[in-house]
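Enquirer: My questions concern the predicted model and sequence given below.
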Amino acid sequence: MKKELIKVLMVEDDLAYARFIKEILKEPLQVNFELTHADRVKKAITHIAETEFDAVLLDLNLPDSSGFDTLNRIYEKAPSIPIIVLTGLADEEVGVSAVQKGAQDYLSKEEVNSLLLSRTVKYAIERKRSVEELEKSYQKFYNLSARLQYLREEERKSIASEIHDELGGLFTALKLELSSSLNAIQNDKGDIPEIKESLTKIIDKGIEIVQRISVELRPHILDHFGLLPAIEWYVKEFQKRAKIRCTLKLIENNLNLDKDRATAIFRIIQEALTNIVRHARASKISVEVIKVGESLELKVEDNGIGINEDKINDPHSFGLMSMQERVLFLGGTLNIIGTKGTKGKGTTILLNIPLKGNGET
């Protein structure tokens, strides 16, 4: 089995010590090391610009820089590369301070041997990766939280607008019509059938508006008939509204899902189709829902422009993040396959979601 190769930049003005490190890293270890040496910060910065290193071994006191200024200069040029500071035997306090200022670890020069150095470099790389992943996750959650707050306000604004413009206008018309009708009846000039027809039209319009607002907030079909009829209804409505040809394949028997799980799966499909309208430029979509063992498998496929890896992992891809969070909550998996710019390739979203949550039987 081929060993992993770790590229290390050593910044050290003591040439004898640099040769010593180079020799001990040639000893048989679990990984192979490729060492590049620089005896000045300026040379180290040049190497960093030219080569992608996995770690830096750094002596703080060099001819062209000293103390934590050395650490700051290297860190500024390579914030994503883990730095291990090399200190003197009595400089533990310096090592601790270096870690507080951004170094991943520190080693006393006198205590270094091949195993200790190898282990320290590998751990430093893993810690740095973990910290970066954590920071990315934090940023994603922060962005998602901000997005949810924004959407909540937008929804309130939309509902307020609907009530003010549509229902407010309708009740005003109803009031005027009723007042006019009563006056006509009082003066014995009104035609009762005509008045009834006019008022009925206004009331029917009001019922239609209330039903539309209600369905947009939450489709009743999901509560009354279950997930699969709700998906079928939504895909048909989506096809009419978006004017994109949709094919749908559903399992025949309805599923015994709890309401929270059914709602989350329905919202995932809603989000997937909304993303296609906004970004994919697709003319065809297929939605497939099948049961495999104790899981539900969903496939949403389009023939649009596709998506690349950067966009999938972009912390500002709120639609994808929302789907990922829902899938994570349900204990499932989400895979997105797409090739940006390859005409006709499109994007495929694959979800696998357990039919029951942990602890349910």
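Expert: Yep, it's here. Numbering: from 1, shown residues only.

Enquirer: With adjacent residues omitted, what lies nearest to A38?
Expert: A44 (4.0 Å; Cβ to Cβ, 6 or more residues apart in numbering). Glycine gets a C-beta too; all of them are placed from N, C-alpha and C.

Enquirer: gap between the one you found and L25?
Expert: Noted for A44: a distance of 18 Å to L25, by Cβ to Cβ, to the nearest Å.

Enquirer: Check E232 too.
Expert: 63 Å.

Enquirer: These two - which one has more neighbours?
Expert: Legend: neighbour count by other Cβ atoms under 10 Å for E232 and L25, higher for L25 (21 against 16).

Enquirer: which stretches of the chain form helices?
Expert: 15-24, 41-50, 68-77, 92-100, 114-162, 168-186, 192-217, 220-225, 227-242, 259-275, 309-313, 318-329 (DSSP state H).

Enquirer: Can you add distance to V85 and mean pLDDT and give these back as JSON lines?
Expert: Listed next are the helices of the chain as JSON lines, based on distance: least, Cβ to Cβ, whole Å; pLDDT from 0 to 100:
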{"stretch": "helix 15-24", "distance to V85": "14", "mean pLDDT": "93"}
{"stretch": "helix 41-50", "distance to V85": "13", "mean pLDDT": "95"}
{"stretch": "helix 68-77", "distance to V85": "7", "mean pLDDT": "94"}
{"stretch": "helix 92-100", "distance to V85": "4", "mean pLDDT": "87"}
{"stretch": "helix 114-162", "distance to V85": "10", "mean pLDDT": "83"}
{"stretch": "helix 168-186", "distance to V85": "68", "mean pLDDT": "80"}
{"stretch": "helix 192-217", "distance to V85": "58", "mean pLDDT": "79"}
{"stretch": "helix 220-225", "distance to V85": "58", "mean pLDDT": "83"}
{"stretch": "helix 227-242", "distance to V85": "57", "mean pLDDT": "90"}
{"stretch": "helix 259-275", "distance to V85": "46", "mean pLDDT": "87"}
{"stretch": "helix 309-313", "distance to V85": "31", "mean pLDDT": "75"}
{"stretch": "helix 318-329", "distance to V85": "37", "mean pLDDT": "79"}
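
Enquirer: Pull the contacting residues for the residue most central in space within the chain.
Expert: By Cα atoms, centre = their mean, the chain has its centre lying nearest to M321, at 3.0 Å. Residues near M321 by Cβ atoms under 8 Å, 6 or more residues apart in numbering: K140, N143, L144, R147, P315.

Enquirer: Among those residues, name the buried ones.
Expert: Neighbour-count burial (16 or more other Cβ atoms under 10 Å) applied to these gives K140, N143, L144.

Enquirer: Identify, from the residues you listed, the entry nearest to E271.
Expert: L144 (12.5 Å; Cβ to Cβ).

Enquirer: now the residue nearest to the closest one when sequence neighbours are not counted: how far from L351?
Expert: In space, and not counting its chain neighbours, L144 is closest to M321: 5.1 Å by Cβ to Cβ, 6+ apart. Between M321 and L351 the distance is 15 Å, computed by Cβ to Cβ.

Enquirer: So for the residue of the chain positioned farthest from its centre, what pLDDT did the model give?
Expert: Of all residues in the chain, D188 has its C-alpha farthest from the mean position, at 68.2 Å, by Cα atoms, centre = their mean. We have a pLDDT of 72 for D188.

Enquirer: contacting residues for it?
Expert: No contacts exist for D188 under Cβ under 8 Å, 6+ apart.

Enquirer: Use 625 as the first number for this chain going forward.
Expert: Will do, 625 is the new start, and the previous item becomes D812.

Enquirer: Identify the residues contacting the closest residue to S689 other than its chain neighbours.
Expert: The spatial neighbour of S689 that comes closest, neighbours along the chain excluded (Cβ to Cβ, 6+ apart), is V665 at 4.3 Å. By Cβ under 8 Å, 6+ apart, V665 lies in contact with V635, L686, D688, S689, T694, R697, I698.

Enquirer: which two from these end up farthest apart in space?
Expert: Among the contacts of V665, D688 and I698 lie farthest apart (Cβ to Cβ), at 12.1 Å.

Enquirer: burial of the residue nearest to N899 when sequence neighbours are not counted, as a residue count?
Expert: Once flanking residues are discounted, N899 sits nearest to G943: 4.4 Å by Cβ to Cβ, 6+ apart. Using other Cβ under 10 Å, G943 has 16 neighbouring residues.
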